[in-house]
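In: Whatever this is, show me its structure:
(chains A and B)
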There are 2 protein chains.
Amino acid sequence: MENLINENNRLIVISGSSGVGKGTLLSLLMKKFSDMYLSVSVTTRAPRGGEIHGVDYFFTSKENFKNLIDKDEFLEWSEFAGNYYGTYATAIKQALSDGKDVILEIDAKGAMQIKEKMPQAILIFILPPSVEELQSRLFKRSTESEEEIQRRLNIVKDEMKTAEDFDYQLVNDNLDETLAKLESIITAEKCQTT
Amino acid sequence: MENLINENNRLIVISGSSGVGKGTLLSLLMKKFSDMYLSVSVTTRAPRGGEIHGVDYFFTSKENFKNLIDKDEFLEWSEFAGNYYGTYATAIKQALSDGKDVILEIDAKGAMQIKEKMPQAILIFILPPSVEELQSRLFKRSTESEEEIQRRLNIVKDEMKTAEDFDYQLVNDNLDETLAKLESIITAEKCQTT
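Out: I've put the predicted structure just below:
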């Protein structure tokens, strides 16, 4: 698998805080890098309204998913709230061997699994504006209880710790700037000596 | 020295083939990053027509230069054609501790000396268009002797080998694109987890 990434293509993994704007960023990024392959995850959960098979997810049965796990067909997979989610390796291998960049949006644990299998993968974590700012905003607003404020701050602090394991960290306080930074990371990575 | 580079500032070292356009690229880059500090080398050679002390070089005597070597005042220095050239550490340390990015253009050997003293320095090597292209151009033109063609190709091949020790390699076949890549590298490096 290692040798599928060469001086021409990259495997880019995006993770980040919930609601931080990953989906918007990805769709804008795909417009800029039209030749990039966006990986679609496989899941056993039922489609929600408007979700399209092959676009939002590949929907499949638990039986089939477990079968694919046994055959080691996933780059990473996890179980969440009774359902399975995974990244199917074949399509990614195909895109990489076609010389394409591949991008995928998965959770932090999945990102770490990918980094283990493919150390050349580029891991990017998207964070919300800084804890200090969030803290001041939450206290100013004071619509949340102190307990709720503390709970939300703890989540962000955990995420900032998680982000330390990623190659890049972006604070999404401005969509255009974050998009420009994402583009810069991809461009710069392609200039790196391998 | 190490702790002068933090999450906010970077030390960027540019080297490259002779005549590849480093000067033009640097002056354009300085316009984009107006807050960046451009290091000026110290030399014992005499100023050439139009060269300004403090802009092109700091001109000094051999005696003073040797004195500065003894005091370990250079980040790197070298002797070339009977003259000394060096990077004075104090100004760079000052700029870094002011939180500024610092950029310097030096030869590949000097770049390696800097990387040894400051592993966090970002080394970028600018290459001319590829050997294959150069070869075909030189042969097509056929104004140079085969010996001269071979000599020039060998220089480029050596440089491509040198470039492998740098963090980034840029082939300057288009000034605007190369400038955009330089900007991307600096932007991306500032998003990297330190």
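
In: is it true that residue A:77 lies in a strand?
Out: Yes. Counting by DSSP: H, G, I helix; E, B strand; the rest coil, residue A:77 is part of a strand.

In: pretty sure it contacts residue A:69?
Out: Yes. Contact criterion C-beta atoms under 8 Å: residue A:77 and residue A:69 qualify, at 6.3 Å. In short, each C-beta sits where N, CA and C put it, glycine included.

In: Which one of those two is surrounded by more residues?
Out: The neighbour comparison of residue A:77 against residue A:69 (other C-beta atoms under 10 Å in any protein chain shown) goes to residue A:77, with 20 against 13.

In: before we move on, back to that, shared neighbours of residue A:77 and residue A:69, anything?
Out: Jointly contacting residue A:77 and residue A:69 under the rule C-beta atoms under 8 Å, 6 or more residues apart in numbering or on different chains are A:84, A:86.

In: so what's the residue nearest to residue A:78 when sequence neighbours are not counted scoring on pLDDT?
Out: For residue A:78, ignoring the flanking residues on the chain, the nearest one in space by C-beta to C-beta, 6 or more residues apart in numbering or on different chains is residue A:85 at 5.6 Å. Residue A:85 carries a pLDDT score of 94 in this model.

In: Tell me the bridge partners for residue A:38.
Out: Beta-bridge partners recorded for residue A:38 (DSSP bridges): residue A:103.

In: Run a quick neighbour tally on it.
Out: Residue A:38 has 16 nearby residues by other C-beta under 10 Å.

In: The residue nearest to residue A:78 looks like it's in a strand, true?
Out: Yes. Looking at residue A:85 with three-state DSSP, it is inside a strand.

In: Close to chain B: what parts of chain A are there?
Out: A:163-170, A:180-181, A:183-185, A:187-189, A:191-193 (C-beta under 8 Å from any C-beta of the partner chain).

In: burial of residue A:117, as a residue count?
Out: 13.

In: wouldn't it be in contact with residue A:75 here?
Out: Yes. Residue A:117 is in contact with residue A:75 according to C-beta under 8 Å; the separation is 6.1 Å.

In: Show me the helices in chain A, by range?
Out: In chain A, helices defined by DSSP state H lie at A:22-32, A:62-70, A:89-97, A:108-117, A:131-141, A:146-163, A:175-189, listed in chain order.

In: Among those, show the one with the smallest mean pLDDT.
Out: Per-segment mean pLDDT for the helices of chain A reaches its minimum on helix A:131-141, at a mean of 70.

In: and residue A:98, what does it touch?
Out: By C-beta under 8 Å, 6+ apart, the contact list for residue A:98 is empty.

In: again with the one 3 residues further on
Out: Under the criterion of C-beta under 8 Å, 6+ apart, the neighbours of residue A:101 are A:9-12, A:33, A:35-37, A:186.

In: So what pairs up with the closest residue to residue A:53 other than its chain neighbours in the strands?
Out: Nearest residue to residue A:53, sequence neighbours excluded (C-beta to C-beta, 6+ apart): residue A:59, at 5.3 Å. Counting by DSSP bridges, residue A:59 forms beta bridges with residue A:43.

In: In this structure residue A:59 contacts residue A:41, no?
Out: No. At 10.2 Å, residue A:59 does not count as touching residue A:41 under the criterion of C-beta under 8 Å.

In: higher neighbour count, these two?
Out: residue A:41 (19 against 15).

In: Quick check: bridge partners of residue A:79?
Out: With DSSP bridges as the rule, residue A:79 is bridged to residue A:84.

In: how close does it get to residue A:159?
Out: From residue A:79 across to residue A:159, the span is 21 Å (C-beta to C-beta, to the nearest Å).

In: and those two? which has more neighbours close in?
Out: Per other C-beta under 10 Å, whichever of residue A:79 and residue A:159 has more neighbours is residue A:159, with 21 against 11.

In: For the nearest residue to that one once chain neighbours are set aside, give me its contacts.
Out: Distance criterion C-beta to C-beta, 6+ apart; nearest residue to residue A:159, sequence neighbours excluded, is residue A:17 at 5.1 Å. Residues counted as contacts of residue A:17 (C-beta under 8 Å, 6+ apart) are A:126-128, A:155-156, A:159.

In: What of residue A:54?
Out: Taking C-beta under 8 Å, 6+ apart, one finds residue A:40 in contact with residue A:54.

In: List phi and psi for it.
Out: With angles defined as degrees, to the nearest 10, residue A:54 sits at phi 90, psi -10.

In: Roughly how far does it sit from residue A:120?
Out: Distance of residue A:54 to residue A:120, given as C-beta to C-beta: 27 Å.

In: ditto for residue A:95
Out: Distance, residue A:95 to residue A:120, using C-beta to C-beta: 15 Å.

In: Then residue A:132?
Out: 34 Å.

In: again, but for residue A:25
Out: According to C-beta to C-beta, residue A:25 and residue A:120 sit 22 Å apart.

In: Please name the residues that touch residue A:35.
Out: By C-beta under 8 Å, 6+ apart, residue A:35 lies in contact with A:100-101.

In: Near residue A:64, how many other residues are there?
Out: Neighbours around residue A:64, by other C-beta under 10 Å: 12.

In: what does residue A:63 give?
Out: 9.

In: Using ChimeraX, make a named selection holding only the buried ones among the contacts of residue A:17.
Out: The ChimeraX selection below is limited to those of these classed as buried (16 or more other C-beta atoms under 10 Å in any protein chain shown):
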select /A:126,127,128,156,159
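
In: okay if I get the contacts of residue A:17 as CSV plus distance to residue B:63?
Out: As requested, the contacts of residue A:17 are exported to CSV (distance: C-beta to C-beta, whole Å):
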residue, distance to residue B:63
A:126, 56
A:127, 54
A:128, 58
A:155, 63
A:156, 59
A:159, 58
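
In: Okay then, goodbye and thanks.
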